[in-house]
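Enquirer: Give the three-dimensional model of this entry:
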Amino acid sequence: MKSMTGYGRATAALAGATLTVQVSAVNRKTLDLTVSLPREWDALEPMVGEAVRKQAARGKIHVDIELTADGKAAAGWNEEAAFAELERLAEFAERAGVAFAPTPEVLWQVASAQRRGGGSPLEENRPAVEAALDEALRAFAAMRAKEGEALLVDFLTRLEALRRHIEGVAARAPLVPALQRDQMLRRLREAGLELDPGDERVLKEVALFADRCDVSEELTRLRSHLDQFAALLKTDGEVGRKGEFLLQEIGREVNTIGSKGNDLAIARAVIELKNELERVREQMANVE
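Expert: Here you go, the predicted model:
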């Protein structure tokens, strides 16, 4: 099991610059990947995406690849190239008979298109970038795995709590029809009506009540869902989506028991089940 949150960082020394690769992730139902890197290294983005997808299937993941030189970002403005580009645009506008008055947005676009890479061309530095990315991703994966281990312990603890509450309901449910019969007879006596407990009308009413409040099928399905959930927690690979589906099914059965139980003790157990289940859902949102 792996958590969706994680962080990894690696650095490498290049000629006249330092390469820093950082990988960070937070929860997201699907894989949402963003990559930030020097403009002249845009060709690396597919490689970065492929490397990340080998490590993660879900989460909002950001990969930042940065060059720094002399304490400043190596990918700074290339003013000479930007001015030359503006001159070419001005000449083109003059030939086209169009007034040329660049706005701040145009200046930004031209300057951004002419950023320099601090003397770090892609091809000769690609191996160093790939190695640093691999190191950062391994640290990222290790952190996610460590958090996943902590989540697994928490899930197993809460799973046992769910089982205890379910077995409490299972022990209480068979007693409910007899309790309902006694309560019905007591009310009749209080109203001045005496009926034999063996009266056919009493037996019929108790039988109907027992059928309405029977939760044996729900308990069977609940136990099955919990067994599947426990098995899922121990599998490799993606757990989150399947876990969320099973928790949804568990919640449906718990709600049905709550509506059919018709007993104070069962109602209290259902409240505890719902509270525990909500905690499990919150944690499952952190699992890949």
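Enquirer: Low-confidence ranges, the stretch 51-200 of the chain, go.
Expert: The model of the stretch 51-200 of the chain has pLDDT under 70 over residues 70-78, 112-122, 179-200.
Enquirer: Quick check: longest helix in the chain by residues?
Expert: helix 122-172 (DSSP state H).
Enquirer: for it, packing partners?
Expert: strand 6-14, strand 17-26, helix 45-53, strand 59-69, helix 216-233, helix 264-284 (3 or more Cβ pairs under 8 Å, 6 or more residues apart in numbering; DSSP states H and E). C-beta: built from backbone N, CA, C; applies to glycine.
Enquirer: Next, format these as a markdown table and append distance to Asp134.
Expert: Conversion of these to a markdown table gives the following (distance: least, Cβ to Cβ, whole Å):
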| stretch | distance to Asp134 |
| --- | --- |
| strand 6-14 | 8 |
| strand 17-26 | 9 |
| helix 45-53 | 7 |
| strand 59-69 | 12 |
| helix 216-233 | 29 |
| helix 264-284 | 30 |
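Enquirer: so can I have JSON lines of the ones you listed showing distance to Leu151 and mean neighbour count?
Expert: Formatted as JSON lines, the helices and strands packed on helix 122-172 follow (distance: least, Cβ to Cβ, whole Å; neighbours: other Cβ atoms under 10 Å):
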{"stretch": "strand 6-14", "distance to Leu151": "12", "mean neighbour count": "17"}
{"stretch": "strand 17-26", "distance to Leu151": "15", "mean neighbour count": "21"}
{"stretch": "helix 45-53", "distance to Leu151": "21", "mean neighbour count": "15"}
{"stretch": "strand 59-69", "distance to Leu151": "14", "mean neighbour count": "20"}
{"stretch": "helix 216-233", "distance to Leu151": "9", "mean neighbour count": "16"}
{"stretch": "helix 264-284", "distance to Leu151": "6", "mean neighbour count": "16"}
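Enquirer: For Ala128, which of those is the nearest?
Expert: strand 6-14 (4.7 Å; Cβ to Cβ).
Enquirer: For the closest one, name the packing helices and strands.
Expert: Short answer (3+ Cβ pairs under 8 Å, 6+ apart): strand 6-14 packs on strand 17-26, helix 122-172.
Enquirer: Can you list the strands that that strand pairs with?
Expert: According to DSSP bridges, strand 6-14 forms sheet pairs with strand 17-26 (antiparallel).
Enquirer: got the end-to-end distance for stretch 29-48?
Expert: Across stretch 29-48, the terminal residues are separated by 21 Å (Cα to Cα, to the nearest Å).
Enquirer: Distance from the chain centre to it, please.
Expert: For stretch 29-48, the gap between its own C-alpha mean and the chain's C-alpha mean amounts to 21 Å (Cα atoms, centre = their mean, to the nearest Å).
Enquirer: Any buried residues in it, and which?
Expert: 31, 33, 35, 37-38, 40-41, 44, 48 (16 or more other Cβ atoms under 10 Å).
Enquirer: And stretch 128-148, by the same measure?
Expert: Going by 16+ other Cβ under 10 Å, stretch 128-148 has these buried residues: 128-129, 132-133, 135-137, 139-141, 143-144, 147-148.
Enquirer: Tally up the residues packed near Val153, please.
Expert: 9 (other Cβ atoms under 10 Å).
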